[in-house]
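Novice: Have a look at this fold, sequence not included:
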C-alpha cells in the first residue's frame, strides 16, 4: 500500500537554522531516504521551497484566480513529502516517525493513497 507522508514544518524555525544546521538536516534527511530506499519502502520524496515562493490557483466561474501562498492559519506549512510503500497504516506511522524534519521542526501527516480506476 502506498502512503503519502506530508512533512509539516515551522518555517520560522527552518529559516532560523544556521547554514551548518540546515546542511545537517539535509544530510540526515538524505540518509533517511537512502535507508527507506534500501529497505524497499521508498517511492519518492522532495523538499519544498518556503510557502511564500508558491502560488495558490483556484478556478471560480471559469476564471483562474491566483493568490500568493499557500498560507494556512497555522505556523506549520508543507515542507516536503515522502511517498512510501508500507504494509499498513501502522507501519506507515512507524516509518513517518523516523523522518528527521518532523522530529526537528514539525510533524508528519500520513495519508493512504487512494487508488483511482477509470470507469471506461
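Specialist: Good, I have the coordinates. Only a predicted model underlies this, so the values are computations on that prediction, with no experimental measurement involved.

Novice: May I have the beta-bridge partners of residue 66?
Specialist: Beta bridges link residue 66 to residue 57, judged by DSSP bridges.

Novice: Might you report the residue contacts of it?
Specialist: By CB atoms under 8 Å, 6 or more residues apart in numbering, residue 66 lies in contact with 55-58. Every C-beta, even on glycine, is put in place using the N, C-alpha and C of the backbone.

Novice: need the residues you listed in TSV with pLDDT, can you?
Specialist: Formatted as TSV, these follow (pLDDT from 0 to 100):
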residue	pLDDT
55	89
56	87
57	91
58	91
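
Novice: farthest pair in these?
Specialist: 55 and 58 (10.2 Å; CB to CB).

Novice: what is in contact with the two at once?
Specialist: Residues touching both residue 55 and residue 58 (CB under 8 Å, 6+ apart) are 66-67.

Novice: Break down this structure into its strands, ranges please.
Specialist: With strands called from DSSP state E, the chain shows them at 2-10, 42-47, 55-60, 63-68, 76-85, 106-112.

Novice: Can you tell me what sits against the helix or strand of the chain with the lowest mean pLDDT?
Specialist: The helix or strand of the chain with the lowest confidence, counting by mean pLDDT, DSSP states H and E, is helix 100-105 at a mean of 85. Outside helix 100-105, the residues that touch it by CB under 8 Å, 6+ apart are 7-10, 13-14, 25, 28-29, 32, 79-80, 96-97, 108.
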